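Trainee: Quick one: sequence and predicted model below, then my questions.
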Amino acid sequence: DTGVSQDPRHKITKRGQNVTFRCDPISEHNRLYWYRQTLGQGPEFLTYFQNEAQLEKSRLLSDRFSAERPKGSFSTLEIQRTEQGDSAMYLCASSQDRRETQYFGPGTRLLVL
Amino acid sequence: AQSVAQPEDQVNVAEGNPLTVKCTYSVSGNPYLFWYVQYPNRGLQFLLKYITGDNLVKGSYGFEAEFNKSQTSFHLKKPSALVSDSALYFCAVRDGPGGSYIPTFGRGTSLIVHP
């Protein structure tokens, strides 16, 4: 499979716990994006990387959120001290460069109890 | 600032009939426009895009979209709907050259195709 993959697909956690999600982009894509999608809304941009550099962060990305892309390959998104408002689908996308179409992974659905 | 509006939360159409899902946009420069489809509990799948050139863009699964600069619209169309087309459709826009290249998505339109 040459598409974008995300792990886990589902995560249930208790308020206050930390969670980490992983995204593996399409192999030749150097741009990687994270989005959050809540019910009834379209994806909202969180952050993106060009290779290993994090180039832009949305104001939605509070200081409890951190993202990394070591070596410009896979990326992780960590949420510390989760809150019920963090419950959402977290989507990862990749593109070959900034002009190209973004291709999305299946998402990680997070439920914070 | 860029924005996109999908004025219909839901579109209902009978199988075999033509369908239209509406999208209007606002950008400061030349728009790059996209349509994606999302099936339940899945990520978004790319359908088609407009960057430049012909105003009528053809995409996957028989879908097409028409770019109308004067009306700032990019409506998604299909001549004959299938039950399997039932899904959530998202329009997205971003500024072209010189812009941020981060797309803004609409809220989505639920397409229901009745047998």
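Mentor: Now that the structure is in, tell me what you want to look at.
Trainee: do stretch B:108-115 and chain A meet?
Mentor: Yes: among the residues of stretch B:108-115, B:G108 lie within reach of chain A under CB under 8 Å from any CB of the partner chain. Where C-beta positions appear, they are placed from N, C-alpha and C, glycine not excepted.
Trainee: Near residue 34, how many other residues are there?
Mentor: Just going to use chain A. Counted with other CB atoms under 10 Å in any protein chain shown, the neighbours of A:W34 add up to 26.
Trainee: my bad, the chain I had in mind was chain B
Mentor: 27.
Trainee: ditto for the one 5 residues further on
Mentor: Residue crowding around B:Y39 was assessed by other CB under 10 Å; the count is 12.
Trainee: and what of B:Q2?
Mentor: B:Q2: 19 surrounding residues under other CB under 10 Å.
Trainee: do the same with the one 5 residues further on
Mentor: Here the neighbour count serves as a burial measure; for B:P7 (other CB under 10 Å) it reads 11.
Trainee: any idea of the pLDDT on it?
Mentor: With respect to pLDDT, B:P7 scores 96.
Trainee: swap in A:S62?
Mentor: What the model reports as pLDDT for A:S62 is 88.
Trainee: now it, what's its secondary structure?
Mentor: Secondary structure for A:S62, judged by DSSP: H, G, I helix; E, B strand; the rest coil, is coil.
Trainee: helix, strand or coil for the closest residue to chain B within chain A?
Mentor: Closest residue of chain A to chain B, CB to the nearest CB: A:G42 (3.1 Å). Classification of A:G42 using three-state DSSP returns coil.
Trainee: Roughly how far does it sit from B:A81?
Mentor: A:G42 sits 22 Å away from B:A81, going by CB to CB, to the nearest Å.
Trainee: what do you get for B:P31?
Mentor: B:P31 is 26 Å from B:A81, by CB to CB.
Trainee: same question, A:D7
Mentor: A:D7 is 35 Å from B:A81, by CB to CB.
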